[in-house]
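[1] Quick one, fold the following:
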Amino acid sequence: MATQPVAIWPVLPGEGKDHMKILNYISASVICSYLFHPGYSQTGPPVRYKDPVFQTVKEEKNLSYFSDSPARQNKSYRFDLYQPEPDSVAARPLIIWMHGGGFKFGSKRSKSIRLWSKAFASTGYVCAAINYRLSKKNPLFNFRELVKSCSDAVVDVQRAVGFFKKNYVLYRIDTSRIVLAGNSAGGIIALQAAYSSGAELLQLQRRPDSNLITGPYNPGNIGAVVNFWGAIFDLEWLKNGRVPIVSVHGNKDKIVPIDHKGSSFYGSLAIHARADSLHIPNRLKVYEGYSHELQKHFNPFFTGRATRQRWQEAGRFAADFLYEELFLTPGSHL
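    From the prediction side, this is the model:
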C-alpha cells in the first residue's frame, strides 16, 4: 500500500528553548501561511475537528494528573495542556498523547508530540501530552520488563483518563470522546489500554503485580486510538472491544515491525487485517520504504524537515479518520 499525497498540516512555532512561559501563543500569520501551502488541498470553509480553524493555541505546562504520586515520581505524572483559543464550546473532545522512547527515554516535550498536540488543538480538540513512568532497566532487551513497563504506563494512562473525567467541567471535555494517541511506545500503550485487561498483561508477564489495575476492558470508555508505528502484544485481544483504530507505519520499520515476523509484537499491518476480520472500524496508511518514526534510516537524535512533513501527513490522516468516527457515525452529534 503506497503512500499518497495528502494535505499538509501547519508547522507551528514554539520549538525554541526561549518559549518557556506557562502560556505559549501561536502566531495566526504563521498558521495561515501553512494553510495556504500549495500542498494543502482543503476546499470550502474549514471544518471544526477536521481542519485548522483556530488562529491561537494556548499551552499550559507541567500540570499534574496524579497529585498523590510519590515525590520521586512527580515528573512522571506531569502533562502539558493545549487548547484552542478563543473557544466557547463547553464540551470538547480530548486527545491524550503519549511519547515514544522504548519505555526508557522520551517525554511529553518531544518534537512529534508537540507538533501533533498543537495541530489537533488548532482544529478544536483539547490535547494533553503526558509523561508516564519510564523503566530503569532495559525493556528493549527483556520481554518481561517490556511488558511490565507497558503495564505501568497503561496504569498511568488510566489515571490520566480518570483525572480528566473528574475535571471535565474545568477543562471543558466531552468525556464520551476521549482519544488515546501516541507514537512508537506511545502507540503501544494506547492499544494495550484500549484492548487489554490488567489480568492479561499480568499473565503475559507471568508474575503478580499489585499495582496493576485488573478491571474490565477499556475502563475509560476510550472513543478511539491513534497508533503511530506502534503494536499490540496479542492479536486475540482485539476481540475484547470495538474501539476504532487509525494506524500509520513504515513498511521498513525494524524497531516495531509493521507485521509480526520475528517480533514479539503484532504491528499495524497485522492489526489492520485482524480488525477488518472483526469489523472493527480502522484505517491504515503505509509508508513504503520508510523505517521507524517515518525516517528513511531511523535516527532518534535527528529529524529533518521531510520527516516532520510525514508526521504532519500522519496527523492529517488521523484527523480525517477521527472526524468520521467521532462525529459522522450513527449516534454521533456535532
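[2] which residues does the residue nearest the centre of the chain bridge with?
    Compute the mean C-alpha point of the chain, and by Cα atoms, centre = their mean the closest residue is Ala181, 1.7 Å away. Per DSSP bridges, the residues bridged to Ala181 are Trp97, Val226.
[3] who's in contact with it?
    If you count contacts by Cβ atoms under 8 Å, 6 or more residues apart in numbering, Ala181 has them with 95-98, 116, 187, 190, 225-228, 318. The C-beta positions use only the backbone N, C-alpha and C, and glycine is treated the same way.
[4] from those residues, which is closest to Val89?
    Using Cβ to Cβ, Ile95 comes nearest to Val89 of the contacts of Ala181, at 15.1 Å.
[5] What's the first helix or strand after the helix or strand where the closest one lies?
    When elements are assigned from DSSP states H and E, Ile95 belongs to strand 92-98. Once the chain leaves strand 92-98, the next helix or strand it forms, by DSSP H and E, is helix 111-121.
[6] So which residues of this structure form strands?
    Along the chain, counting by DSSP state E, strands occupy 56-64, 78-85, 92-98, 126-130, 173-183, 224-228, 231-232, 245-250, 266-267, 282-287.
[7] Figure out how far the third one is from the centre of its chain.
    What separates the centre of strand 92-98 from the centre of its chain is 8 Å, taken as Cα atoms, centre = their mean, to the nearest Å.
[8] longest helix in the protein, by residue count?
    The longest helix of the chain (DSSP state H) is helix 143-166.
[9] what angle do that helix and strand 92-98 make?
    160 degrees (axes from the mean of the first three to the mean of the last three Cα atoms, to 10 degrees).
[10] pLDDT of stretch 144-151, averaged?
    For stretch 144-151, mean pLDDT is 94.
[11] One more: stretch 181-189?
    Mean pLDDT, computed over stretch 181-189, is 98.
[12] Just the endpoints, please. Distance across that stretch?
    9 Å (Cα to Cα, to the nearest Å).
[13] ok now it, how far from the chain's centre?
    The chain centre lies 6 Å from the centre of stretch 181-189; the measure is Cα atoms, centre = their mean.
[14] just stretch 180-195 next, same as before
    On Cα atoms, centre = their mean, the centre of stretch 180-195 falls 7 Å from that of its chain.
[15] Likewise for stretch 184-199?
    With Cα atoms, centre = their mean, you get 11 Å for stretch 184-199.
[16] One more: stretch 154-174?
    Distance of stretch 154-174 from its chain centroid, counting by Cα atoms, centre = their mean, is 15 Å.
[17] For it, buried residues please.
    For stretch 154-174, the neighbour count (16 or more other Cβ atoms under 10 Å) marks 154-161, 163-164, 168, 171-174 as buried.
[18] Out of these, the closest to Phe141 would be?
    Val154 (20.9 Å).
[19] I'd assumed Ile188 was in contact with the closest one.
    No: applying Cβ atoms under 8 Å as the test, Val154 and Ile188 come out as separate, 9.6 Å apart.
[20] my guess is Phe143 meets Ser264, correct?
    Yes: Phe143 lies in contact with Ser264 (Cβ under 8 Å); the separation is 5.7 Å.
[21] which residues touch Leu326?
    Contacts of Leu326 (Cβ under 8 Å, 6+ apart): 49, 93, 177, 179, 223-224, 332.
[22] I'd like to know which of those residues are buried.
    Neighbour-count burial (16+ other Cβ under 10 Å) applied to those gives 49, 93, 177, 179, 223-224.
[23] which of those residues lies closest to Asp80?
    Distances from Asp80 to those, taken by Cβ to Cβ, are shortest for Val179, at 16.4 Å.
[24] Reformat the contacts of Leu326 as a markdown table; add distance to Tyr82.
    Formatted as a markdown table, the contacts of Leu326 follow (distance: Cβ to Cβ, whole Å):
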| residue | distance to Tyr82 |
| --- | --- |
| Tyr49 | 14 |
| Pro93 | 13 |
| Arg177 | 16 |
| Val179 | 14 |
| Gly223 | 18 |
| Ala224 | 18 |
| Ser332 | 23 |
